[in-house]
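K.L.:
Sequence isn't available, so here's the structure alone:
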């Protein structure tokens, strides 16, 4: 590959290869640039302003022209490209929004919750999803039926999932009441009403909803493994569990990476589940960053604070994704 | 030929009626039974003028509805009129020139002389121009007590806050929750503000919320209020309901002794068929300082390009403040009218107590009129945390409260 690349210096520029396809993709590229990159940059820029209900104007053109020009500049007719002081309005507040953000208890709790929820979701949905896929892969009867049942929760929205689990975990109607009805009078199970473990109550609902999809992805990955490999392993006398861990899983690397991206994006944007299950309570024990952003932007009429919080969320994603993308894609090209 | 003439006539008729009946969409978040009945009074009066009220009720609460309203106005799809609370919720929309100036109507009809207290009209005023119509007054400073609960516990119904705190152990011995409290953030901070007005007085309240004085907020007067809030936290520990009306229902059914809640709670007692004085007792200002705040609702009219609709807006604005509509609306809503010159003979005992306090001028502005939604949101967050987490001491919470007050805008 490396040799071939070096020999290819005389070939036409890579930019012009497949020109038609690239032209056809221009609208898509523009949309992506404007919506994703443009929108993100706009958000980051305005997070340095004191915007309240409406975004503050960053530049005030009439102020620019109202600045008295020095005599020599006017008489010379020379153009000065330095930005005059009055040009940038007082709407710019520097890092104030970020300082306030990180000194707010609610934000710190939100980040902690996201961290716990994230780690637990990642671990449990991968492990449970993979185990379920392995079980389904044992050439069992009614595989289609089981697969459908396990995937079914994924067809529900987070709001419905949240409501259902709010009822199930409600001590007066749900599991606690049922077990007490069986005679265990002192049984206590009210995760949504206990600030210390409320985030795990949300985790249960999240796993119930999302694990089916992970299982399906894993199952597809398992089916992609060549049967010859299984036969070879069996001939060599390698136990099944060892075959899974040391041969099959490494071969499923692309599937794992896709799954990881899907799970991770679901973690960062968790919002509706919390709103439906606890509304952030009890107190502020189950707040999450996305809810902080929404509440500050729309209820407390403080866009600047909301933008600062969403910029931190973007940064969190970038910290995880950029090094990974670099290793995954950047490394290969040079090698 | 005759057919054609008929057709033309019909078309002309259609055109004429379309020109007369202007459809005006009005958005609000009044969706409970009593609220819907009250808003129907507005609709009836407006339809009687030959125009058409298009009801744009948004379910949920103000917190859900306001973002929708604001994004419609800023997004270029304004409604004919919209509800906001008295105060600063629409301030930036007015500054951005998105709201219609009602000064000409207000001057012609002399709103300055009829609106009482005048602070309500001040909240509508920016740079000397009037941008909204206040329609009612709701006050927060009430505690609602269940006579049945106290009878069961064998103690007299309290007449003030100290007696209420003293009676708590007797209620708890009977398995009754002394203080019902919904777990939504606005309810906890609202109850705290009521305690502040009742126990520390009007001046302290105004220094904290009006002048944003952090020293007063950190001082001894407010420290006493935080201790009372600590008591309230202990008394409401077993109250795990979410919505305010669920908490009110605990009082109605005698499962809780009392609830600190605004006068809108009255509607729930009425729906349950309870009578003030017999089944429940109301204490304005917690029986200590009989002062009520003058929050409530006002209607704003976004700038519209259609001349006919603009005219209809003006009509609706003056209609909402007319004496007859004020009486009909407020009787259904359970709130107090914004005009001092109307007769409310049909009002119940608690409403009459409120009217008397209002007539004496013992009023304070609502926090919504004094602080931005941003600062109030932070205070909400603080109190919902305080009431749910017993590891936060009253002193810790007060220090954080003073910090928010100091940086408030």
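P.N.:
Alright, I've got the coordinates. Fair warning: this is a prediction, and the values are worked out from it, not measured in the lab.

K.L.:
Show me what from the stretch 51-200 of chain A comes close to chain B.
P.N.:
A:52-54, A:104-106, A:193, A:195 (CB under 8 Å from any CB of the partner chain). (C-beta placed from N, C-alpha, C; glycine too.)

K.L.:
Is residue B:266 in contact with residue B:334, as I believe?
P.N.:
Yes: Residue B:266 lies in contact with residue B:334 (CB atoms under 8 Å); the separation is 4.7 Å.

K.L.:
tell me the centre residue of the chain?
P.N.:
This is for chain A. Centroid-nearest residue in chain A, with CA atoms, centre = their mean: residue A:265, separated by 2.6 Å.

K.L.:
Oops, wrong one, chain B.
P.N.:
Mean-position check on chain B, CA atoms, centre = their mean. Result residue B:296 at 3.7 Å.

K.L.:
For residue B:252, which non-adjacent residue is closest in space?
P.N.:
Nearest-residue entry for residue B:252: residue B:272, 4.9 Å, with adjacent residues in sequence omitted and distances by CB to CB, 6 or more residues apart in numbering or on different chains.

K.L.:
I should have written residue B:172 there, sorry.
P.N.:
Spatial nearest neighbour of residue B:172, chain neighbours left out: residue B:178 (6.3 Å); criterion: CB to CB, 6+ apart.

K.L.:
on contacts alone, who are the packing partners of whichever strand or helix holds that neighbour?
P.N.:
Assigned by DSSP states H and E, residue B:178 falls within strand B:177-180. If you count contacts as 3 or more CB pairs under 8 Å, 6 or more residues apart in numbering or on different chains; DSSP states H and E, strand B:177-180 packs onto helix B:161-173, helix B:220-235, helix B:244-252, strand B:256-260.

K.L.:
Swap in 6 Å and give it another go.
P.N.:
Packing partners of strand B:177-180 (3 or more CB pairs under 6 Å, 6 or more residues apart in numbering or on different chains; DSSP states H and E): helix B:220-235, helix B:244-252, strand B:256-260.

K.L.:
Count the residues that sit near the residue in chain B that chain A sits nearest to.
P.N.:
Going by CB to the nearest CB, chain A is nearest to residue B:388 of chain B, at 2.9 Å. Neighbourhood size, residue B:388 [other CB atoms under 10 Å in any protein chain shown]: 21.

K.L.:
which residues touch it?
P.N.:
A:282-283 (CB atoms under 6 Å, 6 or more residues apart in numbering or on different chains).

K.L.:
And the pLDDT at it?
P.N.:
We have a pLDDT of 89 for residue B:388.

K.L.:
can you tell me how far the residue of the stretch 51-200 of chain A found nearest chain B sits from residue B:381?
P.N.:
For the stretch 51-200 of chain A, the residue closest to chain B is residue A:53, as judged by CB to the nearest CB, at 4.0 Å. Computed with CB to CB, to the nearest Å, the distance linking residue A:53 and residue B:381 is 19 Å.

K.L.:
Would you mind naming what in the stretch 301-409 of chain B lies close to chain A?
P.N.:
B:373-374, B:377, B:381, B:384-385, B:388-389 (CB under 6 Å from any CB of the partner chain).

K.L.:
Now, of the residues you listed, which are buried?
P.N.:
Buried residues within these, counting neighbours by 16 or more other CB atoms under 10 Å in any protein chain shown: B:373-374, B:377, B:381, B:384-385, B:388.

K.L.:
quick revisit: quick one: buried residues of the helix or strand following the strand holding residue B:178?
P.N.:
For strand B:177-180, the following helix or strand on the C-terminal side (DSSP H and E) is helix B:185-200. Of all the residues in helix B:185-200, those buried under the rule 16+ other CB under 10 Å are B:185-200.

K.L.:
got it, and stretch B:214-225?
P.N.:
Residues of stretch B:214-225 classed as buried under the neighbour-count rule (16+ other CB under 10 Å) are B:214, B:216-219, B:221-222, B:224-225.

K.L.:
Touching that stretch from outside, list them.
P.N.:
Stretch B:214-225 has contacts (CB under 6 Å, 6+ apart) with B:195-196, B:199-200, B:204, B:207-208, B:401-402, B:405-406.

K.L.:
right, and the pair among the residues you listed with maximum separation?
P.N.:
B:199 and B:406 (21.7 Å; CB to CB).

K.L.:
hang on, residue A:151 packs against residue A:210?
P.N.:
No: using CB atoms under 6 Å as the test, residue A:151 is too far from residue A:210 to be in contact (10.5 Å).

K.L.:
of these two, who's got more company?
P.N.:
For residue A:151 versus residue A:210, neighbours defined as other CB under 10 Å are more numerous around residue A:210 (23 against 14).

K.L.:
Could you report the pLDDT at residue 96?
P.N.:
Chain wasn't specified; assuming chain A. In this model, residue A:96 is scored at 87, pLDDT.

K.L.:
To clarify, I was referring to chain B.
P.N.:
Confidence for residue B:96, expressed as pLDDT, is 89.

K.L.:
The stretch 51-200 of chain A: helices as residue ranges?
P.N.:
A:61-66, A:71-76, A:96-102, A:105-136, A:143-151, A:158-169, A:175-181, A:198-223 (DSSP state H, counting those that start in this stretch).

K.L.:
Buried residues, the third one. List them.
P.N.:
In other words, helix A:96-102. Buried positions in helix A:96-102, judged by neighbour count with 16+ other CB under 10 Å: A:97-98, A:100-101.

K.L.:
what about residue B:387, neighbour count?
P.N.:
Neighbours around residue B:387, by other CB under 10 Å: 27.

K.L.:
What helices and strands are in contact with the one helix or strand residue A:291 maps to?
P.N.:
Assigned by DSSP H and E, residue A:291 belongs to helix A:289-294. With contacts defined as 3+ CB pairs under 6 Å, 6+ apart, helix A:289-294 has these neighbours: helix A:105-136, helix A:303-325.

K.L.:
can you list those helices in CSV and add mean pLDDT and mean neighbour count?
P.N.:
Below are the helices and strands packed on helix A:289-294 laid out as CSV (pLDDT from 0 to 100; neighbours: other CB atoms under 10 Å in any protein chain shown):
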stretch, mean pLDDT, mean neighbour count
helix A:105-136, 94, 18
helix A:303-325, 87, 18
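
K.L.:
Sketch out the helices for the stretch 301-409 of chain B, chain order is fine.
P.N.:
Using DSSP H, counting those that start in this stretch, the helices found in the stretch 301-409 of chain B span residues B:307-320, B:323-333, B:349-360, B:367-370, B:373-388, B:394-406.

K.L.:
most neighbours per residue, which of the ones you listed?
P.N.:
helix B:373-388 (a mean of 24; mean count of other CB atoms under 10 Å in any protein chain shown).

K.L.:
what's the angle from that helix to helix A:303-325?
P.N.:
With axes from the mean of the first three to the mean of the last three CA atoms, to 10 degrees defining the directions, helix B:373-388 sits at 70 degrees from helix A:303-325.

K.L.:
Show the pLDDT at whatever residue of chain A ends up closest to chain B.
P.N.:
Closest to chain B within chain A is residue A:283: 2.9 Å, counting by CB to the nearest CB. If you check residue A:283, the pLDDT there is 84.

K.L.:
secondary structure class for it?
P.N.:
Secondary structure assignment for residue A:283 (DSSP: H, G, I helix; E, B strand; the rest coil): coil.

K.L.:
For the residue nearest to it when sequence neighbours are not counted, give its distance to residue A:282.
P.N.:
Sequence neighbours aside, residue B:388 is the residue nearest to residue A:283 in space, at 2.9 Å (criterion: CB to CB, 6+ apart). With distances taken as CB to CB, residue B:388 is found 5 Å from residue A:282.
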